[in-house]
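>>> Generate coordinates for the sequence data below:
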Amino acid sequence: MPIKIKELPELERPYEKLEWYGEKALSNAELLAIIIKTGNKQETSVQLAQKILNLNDSKTEGINFLRNITIEELMKMNGIGKVKAIQLKAVGELANRMTMPVSVKKIIIKEPLDLARIMMEELRFQKREIAKIVILNNKNEIIKMKDIAVGGTNFANITIKDILEEPIKMGAPKIILVHNHPSGDANPSEQDIIFTNQLYDVTALLGIQLVDHLVIGNQTYTSIFSKIAQDIKD
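Residues are numbered from 1 along each chain as shown. Below is the predicted model of the structure:
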């Protein structure tokens with residue numbers, strides 16, 4: 001018979017261990033065990049949590065794979081039903097939201113890095129390409145952020161009409177385009193650069209300033225405007 005959590009010494013049980021020693025003393029498996037609460041007839045909640053962690057096939061992604069694993073993938077495991085799978089997905093989304101600012105209003109974008117820091121945690125682990133429009137006022141304060149396209153693993157179907165619909169409606173003076181590369185490589189493609197130039201021309205005609213176009217990778221980013229300027233200089 002497998003040992004049950006309640007049969008462990010009190011200070012080796014995840015709940016009691018966190019209470020006495022703090023959350024940082026717990027392993028990833030122990031923290032997950034608290035979320036899923038119970039194991040099954042063969043495994044304790046900690047052992048089941050470790051099996052969940054073993055689903056990760058990437059040594060570099062770490063526990064971040066839980067952000068993208070699906071409910072269906074989790075439910076394939078013996079002992080993980082719909083409720084536990086939903087609980088785990090909810091925790092992953094909370095982790096995403098904790099990395100975002102409480103409010104994007106009054107955040108001033110002085111340089112590309114300011115926006116990259118905001119977007120990095122949200123976009124760098126996404127498995128699909130996502131494009132966002134960041135709308136600024138004349139003081140370079142963010143007044144709105146909006147998803148405008150979601151693609152596959154390599155391409156987001158972005159149109160200039162989709163990008164400009166909201167800024168035109170709001171009468172916004174400035175915008176920044178942001179999209180991620182699921183590969184983790186933040187270098188813009190030739191298509192990214194061509195599209196940026198096309199968007200710049202259209203926004204200029206409409207009296208909207210395209211401040212930049214950022215490509216987000218894994219813990220890195222590229223400002224397409226900075227790259228174009230450097231290429232011209234070289």
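>>> For residue 86, give me its contacts.
residue 71 (CB atoms under 8 Å, 6 or more residues apart in numbering). (C-beta placed from N, C-alpha, C; glycine too.)
>>> again, only this time at 6 Å
Residue 86 makes contact with no residue under the criterion CB atoms under 6 Å, 6 or more residues apart in numbering.
>>> gap between residue 29 and residue 74?
From residue 29 across to residue 74, the span is 15 Å (CB to CB, to the nearest Å).
>>> my bad, should have said residue 115
33 Å.
>>> can you pull out the strands in the chain?
130-136, 142-150, 174-180, 209-216, 221-223 (DSSP state E).
>>> So which other helices or strands are in contact with the shortest one?
Here strand 221-223 touches strand 209-216, going by 3 or more CB pairs under 6 Å, 6 or more residues apart in numbering; DSSP states H and E.
>>> and the strand it packs on with strand 174-180, angle?
10 degrees (axes from the mean of the first three to the mean of the last three CA atoms, to 10 degrees).
>>> Parallel or antiparallel, list what pairs with strand 209-216.
The sheet places strand 209-216 alongside strand 174-180 (parallel), strand 221-223 (antiparallel), with pairing taken from DSSP bridges.
>>> Any idea which of those strands gets closest to residue 143?
Closest of the strands paired with strand 209-216 to residue 143 is strand 174-180, at 9.5 Å (criterion: CB to CB).
>>> Low-confidence bits of this protein, can you list those?
Counting by pLDDT under 70, the chain has low-confidence residues at 1-12, 57-62, 98-105, 152-156, 232-234.
>>> hang on, the earlier thing: I'd like the strands of the chain laid out as JSON lines, including mean neighbour count and distance to residue 86.
Below are the strands of the chain laid out as JSON lines (neighbours: other CB atoms under 10 Å; distance: least, CB to CB, whole Å):
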{"stretch": "strand 130-136", "mean neighbour count": "22", "distance to residue 86": "23"}
{"stretch": "strand 142-150", "mean neighbour count": "16", "distance to residue 86": "22"}
{"stretch": "strand 174-180", "mean neighbour count": "24", "distance to residue 86": "26"}
{"stretch": "strand 209-216", "mean neighbour count": "23", "distance to residue 86": "28"}
{"stretch": "strand 221-223", "mean neighbour count": "21", "distance to residue 86": "32"}
